[in-house]
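Colleague: What follows is a predicted protein model with its sequence.
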Amino acid sequence: MKITGTFLDEISHDIPHQNWGRAEWDADFSHMKAIGIDTVFLIRSGFQRWLTYPSKVLMKEESCYEPPVDLVKMFLELADKHHMKFYFGLYDSGKYWWKGDFQKEVDINLKVIDEVWKTYGHHKSFQGWYLTQEVSRRTGKVIDLYAKLGKHCKDISGGLPTLISPWIDGKKAVMAASGSLSKEDAVSLKQHEAEWSEIFDGIKGVVDACAFQDGHIEFYELPDFFAVNKMIADKYGIQCWTNAESFDRDMPIKFFPIKFEKLRMKLEAARKAGYDKAITFEFSHFMSPQSAYLQAGHLYNRYKEYIKTL
């Protein structure tokens, strides 16, 4: 199964920043295009006080820092140039919804959606929205959050598609800052199905696709969880994608590019489950020939060899 989309993580709050300028990003879009990536997803337009574009809303209401470069504008221009689709990722306050104040997270993002569409909606490559708040369970008012934000995104943009990318609360679902690689209290397959059936039922019609992150469960669990994900997504009319993580969660140093054998295993599991699309988190750090990680360029070469066999 080919990877046809990638997240863009330029806030880089838990992976190193690469300090690229326009030339490096332009080259990276060319590398993406060369292996069949047709869509880029801004994983978040802001996190806490850090921003990817000079948002008047967020600088005023959240005291965010004004960025020196408008990365949203640059990414849209590069997506236009390389004939790729761009999905705008919403703002993650890093505090409101994390503390249970889901409505405040919704309210600030409704203003962000309005501001962004007015400023950037004319770009041909602006083709969708990413609801950046990630969850693994039916937590608090997450159904209401997704439903309200997804509906507003679609209403303001003439129905452009929306995406979420939750994780599975498996054995490897530990905090990035944790010294542990696994935990005991993993969700059961039955409970995962029950909770996501309820979530999907509440967001159908306003969320178009769900790309579950694939790195939080053991490799032998992939077929069962992928089958359930596809089954419930089909039931509620939501496209079932995979977010094939191209970094390794099994190593004590977080995070390095993944061993190709593992990436291949995950992609093959998604193919066998009949998934609709494969995207990755994320190309520029973990698969790009110009990544700060030398191993990423080798992963790029192994992946190119793999897709020639498909």
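Modeller: Right, received. Where do you want to start? Numbering: from 1, shown residues only.
Colleague: May I have the longest helix along the chain exported as CSV, CA atoms only?
Modeller: Looking across the chain with DSSP state H, the single longest helix is helix 102-120. Once side chains and other backbone atoms are set aside, the C-alpha atoms of helix 102-120 remain, and they are given as CSV (Å, rounded to 0.1, in the frame of the first residue of the first chain):
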residue,chain,number,x,y,z
PHE,A,102,-14.0,21.5,25.5
GLN,A,103,-16.3,24.5,24.8
LYS,A,104,-13.5,27.0,25.1
GLU,A,105,-11.4,24.9,22.7
VAL,A,106,-14.3,25.0,20.2
ASP,A,107,-14.9,28.7,20.6
ILE,A,108,-11.4,29.8,19.9
ASN,A,109,-11.1,27.4,16.9
LEU,A,110,-14.4,28.7,15.4
LYS,A,111,-12.7,32.1,15.1
VAL,A,112,-9.5,30.5,13.7
ILE,A,113,-11.5,28.7,11.0
ASP,A,114,-13.2,32.0,10.0
GLU,A,115,-9.9,33.9,9.9
VAL,A,116,-8.1,31.2,8.0
TRP,A,117,-10.7,30.7,5.3
LYS,A,118,-11.0,34.4,4.7
THR,A,119,-7.2,34.8,4.4
TYR,A,120,-6.2,31.6,2.6
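Colleague: who touches that helix?
Modeller: Counting by CB atoms under 8 Å, 6 or more residues apart in numbering, helix 102-120 makes contact with 45, 53, 55-58, 61-62, 72-73, 76, 88, 90-91, 93, 96-97, 126, 129, 133, 140-142, 144-145, 148-149, 152-153, 156-157, all of which sit outside it. All C-beta spots, glycine's among them, are computed from the backbone N, C-alpha and C.
Colleague: Mind doing that once more with 7 Å?
Modeller: The contact list for helix 102-120, computed with CB atoms under 7 Å, 6 or more residues apart in numbering, reads 45, 55-58, 61-62, 72-73, 76, 88, 90-91, 93, 96-97, 126, 133, 140-141, 144-145, 148-149, 152-153, 156-157.
Colleague: buried ones in that helix?
Modeller: Buried residues in helix 102-120, counted by 16 or more other CB atoms under 10 Å: 102, 105-106, 108-113, 115-117, 119-120.
Colleague: cool, and stretch 293-310?
Modeller: Across stretch 293-310, burial judged by 16+ other CB under 10 Å covers 293, 295-297, 299-300, 303, 306.
Colleague: try stretch 19-28
Modeller: With burial defined by 16+ other CB under 10 Å, the residues of stretch 19-28 counted as buried are 20, 25, 28.
Colleague: helix/strand/coil for the second one?
Modeller: Under the three-state scheme (DSSP: H, G, I helix; E, B strand; the rest coil), the conformation of residue 25 reads as helix.
Colleague: Could you measure from the nearest residue to it once chain neighbours are set aside over to residue 16?
Modeller: Leaving out its chain neighbours, the residue that sits closest to residue 25 by CB to CB, 6 or more residues apart in numbering is residue 78, at 6.0 Å. Between residue 78 and residue 16 the computed distance is 22 Å (CB to CB, to the nearest Å).
Colleague: Between these two, which has more neighbouring residues?
Modeller: residue 78 (21 against 10; other CB atoms under 10 Å).
Colleague: then the helix or strand containing the more buried one to PDB, C-alphas only?
Modeller: Assessed by DSSP states H and E, residue 78 sits inside helix 71-81. Only the C-alpha atoms of helix 71-81 are listed here, as PDB (Å, rounded to 0.1, in the frame of the first residue of the first chain):
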ATOM      1  CA  LEU A  71       4.300  29.100   7.000                       C
ATOM      2  CA  VAL A  72       0.600  28.500   6.100                       C
ATOM      3  CA  LYS A  73       1.000  30.900   3.100                       C
ATOM      4  CA  MET A  74       4.300  29.200   2.200                       C
ATOM      5  CA  PHE A  75       2.900  25.700   2.400                       C
ATOM      6  CA  LEU A  76      -0.100  26.600   0.300                       C
ATOM      7  CA  GLU A  77       2.100  28.300  -2.300                       C
ATOM      8  CA  LEU A  78       4.300  25.200  -2.500                       C
ATOM      9  CA  ALA A  79       1.200  22.900  -2.600                       C
ATOM     10  CA  ASP A  80      -0.100  25.000  -5.500                       C
ATOM     11  CA  LYS A  81       3.300  24.800  -7.300                       C
END
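Colleague: Since that was my last question, I'll sign off now.
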